[in-house]
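S.K.: coordinates only, sequence not included:
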């Protein structure tokens, strides 16, 4: 990565090679405005050309990352953190540079402007240096703007992937976790801090699921305090359940402990199956209450015939936002189903290996039968096929430039479900390539092992199979 030493004064003053044309109004209702004709004589007296185009490129990113139609329809949308960040009249340097790095590289990727990509990468190095200094300053460390800066850098890592694996992304997430933990949940009630938390929780949930580790953000204080004065959106409720799922996966991995006695294995499997069942009921309730009617209504409107789906460009951003929540909810259900299916198999294998437990078989069979409805092959296949049907709607929609990045998790889950079904597997791999190519989400190129999301007991391929 190029550091700040490569930046020169001439380079700083250079205007972008392509003009950035802005809309007069970026957000419905006039929340944030940027005039296309800013570079007038009077403004140039107070603003340099550099500051004008920097504001423009950040505004472009705002338009792309937080579409006004979704924002107007959901006051709890996590992307509002960016609105609060760009509203700061005199931001701390690290926030200014972090937003510039993110915005310039994204504009460069989307428009094919290599010079701007390189400039954004150098600015990223500057932002990292400024962040290191800020974290050693007690006042800056507790400043909401510093928190927003770290959020911007995590988002940068999602799109740019500065490491050859997910290590840099995990490091940034570890950093923002440490920062937020040191601040405590009470300091995440302000508009900027709370919306940063809301937006980063998706990435934190994914990390917890990938590593099979419970998270502090699944603790009671972090689940409630930041929202004590306002309702929690359905999107945030889904993330609550995602943290629950990560805790279940962590406990399931403990079944690999060779010192566990057979009786203790049965007890742990029973506890975990019951936890799976409670979580499945919660996910079903969330879907029924918040999304079932939406999906039924939109599915009817979207289809021109029974087996067709519409041109993604015809969908509005609010619909895409809701659909993304549904797709990730189904991803959680798939991963939960994989875990429950493996727990049922472990119970049967344990009883088969230990004749002294034969008397437990009727009770264990009855218990396992209660969970077959969502963890047998047909149930999992139904969810995966629903994902395959609706995922393409998230690609090729200009009202939500970054929707594909929120599909990596469900796409990864269906890769596992269809690992033995060549037509569906090929279709899913096409979707994964679409994530990479459509908006150049480089994080998706890192070759994550599909099997890595699974609890150890579900890895029936010996841990070698990858996508």
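M.R.: Received the coordinates, thanks. Keep in mind that what you see is a predicted model, and the values were worked out from it rather than measured. Numbers count the residues shown, from 1 in each chain.

S.K.: Low-confidence stretches in the chain?
M.R.: Along the chain, the model assigns pLDDT under 70 to residues 1-50, 66-78, 163-166, 300-311, 313, 396-402, 436-467.

S.K.: Show the contacting residues for residue 99.
M.R.: Contacts for residue 99 (C-beta atoms under 8 Å, 6 or more residues apart in numbering) come out as 58, 61, 85-86, 91, 149, 152. In short, each C-beta sits where N, CA and C put it, glycine included.

S.K.: mind giving me the domain ranges of the chain?
M.R.: 4-210, 234-458 (automatic domain parsing).

S.K.: and residue 291, how far is that from residue 268?
M.R.: As judged by C-beta to C-beta, to the nearest Å, residue 291 and residue 268 stand 33 Å apart.

S.K.: How far away from the center of its chain is the lengthiest helix in the chain?
M.R.: Secondary structure of the chain per DSSP state H: the longest helix is helix 317-353. Remark: helix 317-353 is offset 17 Å from the chain centroid, using C-alpha atoms, centre = their mean, to the nearest Å.

S.K.: next SSE after it?
M.R.: helix 361-370 (DSSP states H and E).

S.K.: what's that next one in contact with?
M.R.: The contact list for helix 361-370 (C-beta under 8 Å, 6+ apart) reads 266, 270, 273, 277, 344, 347-348, 351.

S.K.: list the buried ones in it?
M.R.: Buried positions in helix 361-370, judged by neighbour count with 16 or more other C-beta atoms under 10 Å: 364, 367-368.

S.K.: May I see those organised as CSV, with distance to residue 324 added?
M.R.: Listed next are these as CSV, based on distance: C-beta to C-beta, whole Å:
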residue, distance to residue 324
364, 38
367, 35
368, 33
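
S.K.: out of those residues, who's nearest residue 281?
M.R.: Residue 281 has its nearest neighbour among the buried residues of helix 361-370 in residue 367, at 15.7 Å by C-beta to C-beta.

S.K.: distance of that closest one from residue 379?
M.R.: From residue 367 to residue 379 the distance is 17 Å (C-beta to C-beta).

S.K.: now residue 171
M.R.: On the measure of C-beta to C-beta, residue 171 and residue 379 end up 37 Å apart.

S.K.: Counting neighbours, go ahead and name the busier of those two.
M.R.: residue 379 (18 against 14; other C-beta atoms under 10 Å).

S.K.: Look up which helix or strand that one falls in, please.
M.R.: Residue 379 belongs to helix 377-390, assigned by DSSP H and E.

S.K.: name the helices or strands packed onto that helix?
M.R.: helix 317-353, helix 408-417, helix 422-438 (3 or more C-beta pairs under 8 Å, 6 or more residues apart in numbering; DSSP states H and E).

S.K.: can you do 6 Å?
M.R.: helix 317-353, helix 408-417 (3 or more C-beta pairs under 6 Å, 6 or more residues apart in numbering; DSSP states H and E).

S.K.: who's in contact with it?
M.R.: Applying C-beta atoms under 6 Å, 6 or more residues apart in numbering, the contact partners of helix 377-390 are 330, 333-334, 337, 410, 414, 417.

S.K.: Go again with 8 Å.
M.R.: 309, 323, 326-327, 330-331, 333-334, 337-338, 341, 372-373, 410-411, 413-414, 417-418, 424, 427-428, 431.

S.K.: what's the closest non-adjacent residue to residue 54?
M.R.: Here the nearest residue to residue 54 in space, its sequence neighbours aside, is residue 100; by C-beta to C-beta, 6 or more residues apart in numbering that works out to 5.9 Å.

S.K.: Tell me, how many residues neighbour that neighbour?
M.R.: 22.

S.K.: Buried deepest among the helices and strands packed on helix 377-390, which one?
M.R.: helix 408-417 (a mean of 24; mean count of other C-beta atoms under 10 Å).

S.K.: could you check the angle helix 422-438 makes with that one?
M.R.: 160 degrees (axes from the mean of the first three to the mean of the last three C-alpha atoms, to 10 degrees).

S.K.: packing partners for helix 408-417?
M.R.: When contacts are defined as 3+ C-beta pairs under 8 Å, 6+ apart, helix 408-417 packs onto helix 191-211, helix 317-353, helix 377-390, helix 422-438.

S.K.: Quick one: distance of it to the chain centre.
M.R.: Remark: helix 408-417 is offset 14 Å from the chain centroid, using C-alpha atoms, centre = their mean.

S.K.: Offset the numbering so it begins at 54, please.
M.R.: Let's use 54 as the start, then, which means that last one is helix 461-470.

S.K.: got the angle for that helix vs helix 370-406?
M.R.: Using the same axes, to 10 degrees: helix 461-470 against helix 370-406 is 40 degrees.

S.K.: For the helices and strands packed on helix 461-470, please prepare CSV with the additional fields distance to residue 313.
M.R.: Output for the helices and strands packed on helix 461-470, formatted as CSV (distance: least, C-beta to C-beta, whole Å):
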stretch, distance to residue 313
helix 244-264, 21
helix 370-406, 10
helix 430-443, 27
helix 475-491, 35
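
S.K.: related to what we said a few turns ago, of all the domains of the chain, which lies closest to residue 275?
M.R.: Using C-beta to C-beta, the domains of the chain put domain 57-263 closest to residue 275, at 5.1 Å.

S.K.: ok, residue 328 - contacts?
M.R.: By C-beta under 8 Å, 6+ apart, the contact list for residue 328 reads 297, 301, 304.

S.K.: Looks to me like residue 158 is in a helix.
M.R.: Yes. Counting by DSSP: H, G, I helix; E, B strand; the rest coil, residue 158 is part of a helix.

S.K.: That one is in contact with residue 208, isn't it?
M.R.: No. Checked against C-beta atoms under 8 Å, the pair residue 158 and residue 208 is beyond contact range at 10.5 Å.

S.K.: burial of residue 206, as a residue count?
M.R.: Residues near residue 206, counting by other C-beta under 10 Å: 23.
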